[in-house]
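Student: With the input below, show me the fold.
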Amino acid sequence: MNIQEVKDYIENHKERFINELVELLKIPSVSADSAYDSETKRCANHVKQSLLDVGVDFAEVCPTAGHAIVYAEKINDPTKPTILVYGHYDVQPADPVSLWSSPPFDPVIKDGKIFARGSADDKGQFYMHVKAFEILSNLGELPCNVKFMIEGEEEVGSSNLGLFVKENKEKLKADVIVISDTSIIDNDTPSITVGLRGLSYVEVEVTGPSKDLHSGVYGGAVDNPVNVLCEMIASLKDENNAITVEGFYDKVEVVSDEDRAAMAEAPFNKQDYLDAVGVKATRTENGYSDREGTSIRPTLDVNGIWGGYIGEGAKTVLPSKAYAKISMRLVPHQEPDEITALFKSHFEKIAPPSVKVKVTAHHGGEPVVIPTDNPGYKAASRAMELTFGKKPIPERGGGSIPIVALFEKELGLKSILMGFGLDSDDIHSPDEHYGIFNYLKGIETIPYFHKFFEEESAK
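Tutor: Residues are numbered from 1 along each chain as shown. Modelled structure (predicted):
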């Protein structure tokens, strides 16, 4: 296998590769909404058939208490190393649909990008591995055994994946896990994610009076839960944009000046960044750069807030309840359960006696740091350097993939986060898109990850 052979194969089949992804993107596999359960099931079967079509020995749809996991394998030579590919076929809800410039499940190609929900997160990215496997099979070169585990609940916390992994350790036995669910710095600057933040996600409920009240009759005496909730949330950060939850920073990893200097070498255009997200300025924790704020520092953000009357017209009501969803991104050494407990204690403590507070924990995940001296990272770096013509930069990401820590704990395997998306792909937002360049570049690069992983494992 040489790079020209791979390039020629992609050139000869790229229209089919794109069309196949378009068909996958048409399936609204929204895991968070039960109204889409039948479509999510259809998507799992579609993924299974796609894997069978490219020549795996075996593929199955494995039921769980929620959405199914698709498993497939090709054991070419038991003496060779095994790569386990992880991805997810479920997608975020498309709401608010009115803000999309085209229907979220009717893919549109324009400006060299595929616009559709799930295009970058994660259908376009995991499907690169399916097509890369096709290339390896059709060129007659399978340097490693390959297993696929494509789940349907990543966007809702992978609640059933842990049990599946624990019950199928022998089936999932491998030498490395490769995940394409992250991004590169830009199309001219390849990078490999070597760190992810963890996550603590909670919902808070503030209750005042036992029922909604007339704001004229009771306003000024009975406390308004919406007002109280806003005051409580506002107090969660201080004037330096630091989080005020007691004990929140106690275990935060202190990144060395040398590592911070190395991070600063990555290209970053502040004006382009501002233009891309449509704001005039950023606001970070004092003493940290924008890129540090989104990678090596923890955060606390309100993801949604509601209460009272929000219908058409006016209703002068003093609401009984107010709610908010709050996520906290965590850095190494911060434990999700501990942070959730600290938040709960703090939030209850700052509530005035006029209201009752309830904090409900949702899903969470451990932060991870991936070493760069293992065969998987070296193989990924060599593969990207070959296809991009530049050595990739190791970079910490701001997002969370909770299953990375799970895989290391249960399977004893490091994960290589070799994604090809861009931060500007609008994942989780209206007009999510994935560059055709990125999609095809991933398909071109992944076969060399297999080749170089075999070589690095033999050293």
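
Student: Helices along the stretch 251-400 of the chain, start to end?
Tutor: Assigned by DSSP state H, counting those that start in this stretch, the helices in the stretch 251-400 of the chain fall at 257-264, 270-277, 290-293, 336-350, 375-388.

Student: got the contact list for stretch 381-394?
Tutor: Residues from elsewhere that reach stretch 381-394, judged by Cβ atoms under 8 Å, 6 or more residues apart in numbering: 3, 184-185, 188-192, 194, 265-266, 372, 377, 380, 418, 441, 444-446, 448-449, 451-452, 456. For glycine as for every other residue, the C-beta is placed from the backbone atoms N, C-alpha and C.

Student: Per-residue pLDDT of residue 324, please?
Tutor: pLDDT recorded at residue 324 is 98.

Student: In contact with it, which residues?
Tutor: Neighbours of residue 324 in contact, by Cβ under 8 Å, 6+ apart: 203-204, 229, 233, 302, 304-306.

Student: try 10 Å
Tutor: For residue 324, the contacting residues are 202-206, 226, 229-230, 232-233, 302-307, by Cβ atoms under 10 Å, 6 or more residues apart in numbering.

Student: Out of these, which comes closest to residue 70?
Tutor: Nearest to residue 70 among the contacts of residue 324, counting by Cβ to Cβ, is residue 303 at 28.9 Å.

Student: any idea how far residue 284 is from the spatially closest residue to that closest one that is not a sequence neighbour?
Tutor: Leaving aside its sequence neighbours, residue 303 sits nearest to residue 325 (Cβ to Cβ, 6 or more residues apart in numbering; 4.5 Å). Computed as Cβ to Cβ, to the nearest Å, the residue 325 to residue 284 distance reads 23 Å.

Student: how about this structure, which residue sits the furthest from its center?
Tutor: residue 217 (47.8 Å; Cα atoms, centre = their mean).

Student: Quick one, grab the pLDDT at it.
Tutor: 96.

Student: pretty sure it contacts residue 318?
Tutor: Yes - contact criterion Cβ atoms under 10 Å: residue 217 and residue 318 qualify, at 8.6 Å.

Student: before we move on, the earlier item: please report the distance of the residue farthest from the centre of the chain from residue 148.
Tutor: According to Cβ to Cβ, residue 217 stands 63 Å off from residue 148.

Student: Now restrict the contacts of stretch 381-394 to buried residues only.
Tutor: 184-185, 190-192, 194, 377, 380, 418, 441, 444-446, 448-449, 451-452, 456 (16 or more other Cβ atoms under 10 Å).

Student: follow-up on the earlier one: any idea which helix or strand carries the residue farthest from the centre of the chain?
Tutor: helix 215-218 (DSSP states H and E).

Student: Can you point out the buried residues in that helix?
Tutor: Judged by neighbour count using 16+ other Cβ under 10 Å, the buried positions of helix 215-218 are 215, 218.

Student: Tell me the buried residues in the next helix or strand after it?
Tutor: Sequence order places helix 225-234 as the next helix or strand after helix 215-218, per DSSP H and E. For helix 225-234, a neighbour-count test (16+ other Cβ under 10 Å) marks 225-230, 232-233 as buried.

Student: mean confidence score for helix 225-234?
Tutor: Mean predicted lDDT for helix 225-234 stands at 98.

Student: helices or strands next to it in the packing?
Tutor: Under the contact criterion of 3 or more Cβ pairs under 10 Å, 6 or more residues apart in numbering; DSSP states H and E, helix 225-234 touches strand 198-207, strand 299-307, strand 317-318, strand 321-330, helix 336-350, strand 356-365.

Student: switch the cut-off to 6 Å
Tutor: In terms of contacts (3 or more Cβ pairs under 6 Å, 6 or more residues apart in numbering; DSSP states H and E), helix 225-234 is packed against strand 198-207, strand 321-330.

Student: right, and those strands - which one's nearest residue 115?
Tutor: Nearest of the helices and strands packed on helix 225-234 to residue 115, taken as Cβ to Cβ: strand 321-330 at 26.1 Å.

Student: Just read off the phi/psi values of residue 148.
Tutor: Note on residue 148: its backbone torsions stand at phi -120, psi 140 [degrees, to the nearest 10].

Student: picking that back up, by contact count, what packs against the helix holding residue 217?
Tutor: If contacts are counted by 3+ Cβ pairs under 6 Å, 6+ apart, helix 215-218 sits against strand 317-318.
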